[in-house]
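> Turn this into a structure:
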Amino acid sequence: MKALSSRVDDVMTWYDAIAPSYDELYGDEQLRKYDHIFAVLQAPGSIPCREDLVVIDVGCGTSLIAEELGRLFTTRTYYYVGIDLSLNILEIAKRRVNKLDVITDLIAGDAASLPFRDRVADIIFSISVFRCEDPVNNLVQEAMRLCRGSGIMAFTVVCGEGVERTACYGSSSPFYESVIRGGRELIRIVKCQQPKNNTSSREEP
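Okay, here's the model as predicted:
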């Protein structure tokens, strides 16, 4: 959905235009992906043990996932941050998250240069944002920069001709990988890994 890189202007124009019908066009499809990912993350030990989790949703669209996170975090609180290119899409996301009993923030920005410090998130989602023609490794590494050592990132890569070329995508080895949408989209979930020899750095509280 929310494509990136050199097509930023075209993407912003497209999603600004379809914003009113975004959920109707893509909502059911996105929910199926969330169901698939949440089933994996509900396994013991998949989600960091922190009580107050920080979740960053890169390419958040209308923040549909924020509405669904209660199914995943049944006993823990969380802070949700959504980032997207389209201001019109973010207006719809704002109406959605304002109804939730959760602390949230929405930010206009580009996944190629995320406006956050290092190691501030426990979970990062980026669903239907990356495409095979994008510099996926660079985009994943930029998102992983935000992830604490105990955190995870769940992302998908869309490929119109199949996902065979995505086998090497991601800056870490996945603990879960699956192909969905008739072999057109790869789901990958990875553990964040901080350098073990970097003793001078520390995680953000």
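
> is it true that Asp105 touches Leu90?
No. With contact defined as Cβ atoms under 8 Å, Asp105 does not count as touching Leu90 (10.8 Å). All C-beta atoms are positioned from the backbone trio N, CA, C, and that covers glycine.

> quick one: common contacting residues for those two?
The contact sets of Asp105 and Leu90 overlap at Gly82 (Cβ atoms under 8 Å, 6 or more residues apart in numbering).

> the more surrounded of the two?
Counted by other Cβ atoms under 10 Å, Asp105 and Leu90 do not tie: Leu90 has more neighbours, with 24 against 11.

> next one: the helix or strand of the chain with the lowest mean pLDDT to chain centre, how far?
The weakest-scoring helix or strand in the chain, judged by mean pLDDT, DSSP states H and E, is helix 8-18 (a mean of 78). Chain-centre distance of helix 8-18: 19 Å, with Cα atoms, centre = their mean, to the nearest Å.

> Ok, stretch 131-144 next?
12 Å.

> At which residues are the strands of the protein located?
For the chain, the strands defined by DSSP state E occupy 52-58, 77-84, 103-108, 121-131, 147-158, 174-180, 185-191.

> list the helices and strands the fourth one packs on?
So the one you mean is strand 121-131. helix 22-41, strand 52-58, helix 136-144, strand 147-158 (3 or more Cβ pairs under 8 Å, 6 or more residues apart in numbering; DSSP states H and E).

> okay, those in TSV with mean neighbour count next?
Listed next are the helices and strands packed on strand 121-131 as TSV, based on neighbours: other Cβ atoms under 10 Å:
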stretch	mean neighbour count
helix 22-41	15
strand 52-58	22
helix 136-144	20
strand 147-158	23
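
> Which one of the ones you listed lies nearest to Arg76?
strand 52-58 (6.1 Å; Cβ to Cβ).

> Which other helices and strands does that closest one contact?
Partner elements for strand 52-58 (3+ Cβ pairs under 8 Å, 6+ apart): strand 77-84, strand 121-131.

> Run through the neighbouring helices and strands of the first one.
Contacts of strand 77-84 with other secondary structure elements, assessed using 3+ Cβ pairs under 8 Å, 6+ apart, are made with strand 52-58, helix 87-97, strand 103-108.

> right, and the ones you listed - which one's nearest Tyr34?
Nearest to Tyr34, of the helices and strands packed on strand 77-84 and by Cβ to Cβ, is strand 52-58 at 11.0 Å.

> model confidence over the closest one, on average?
Averaging pLDDT along strand 52-58 yields 96.

> Give me the sheet partners of it and which way each runs.
Strand 52-58 pairs in its sheet with strand 77-84 (parallel), strand 121-131 (parallel), by DSSP bridges.

> Let's have these in JSON lines, adding mean pLDDT and mean neighbour count.
Shown next, in JSON lines, are the strands paired with strand 52-58 (pLDDT from 0 to 100; neighbours: other Cβ atoms under 10 Å):
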{"stretch": "strand 77-84", "mean pLDDT": "95", "mean neighbour count": "21"}
{"stretch": "strand 121-131", "mean pLDDT": "94", "mean neighbour count": "25"}
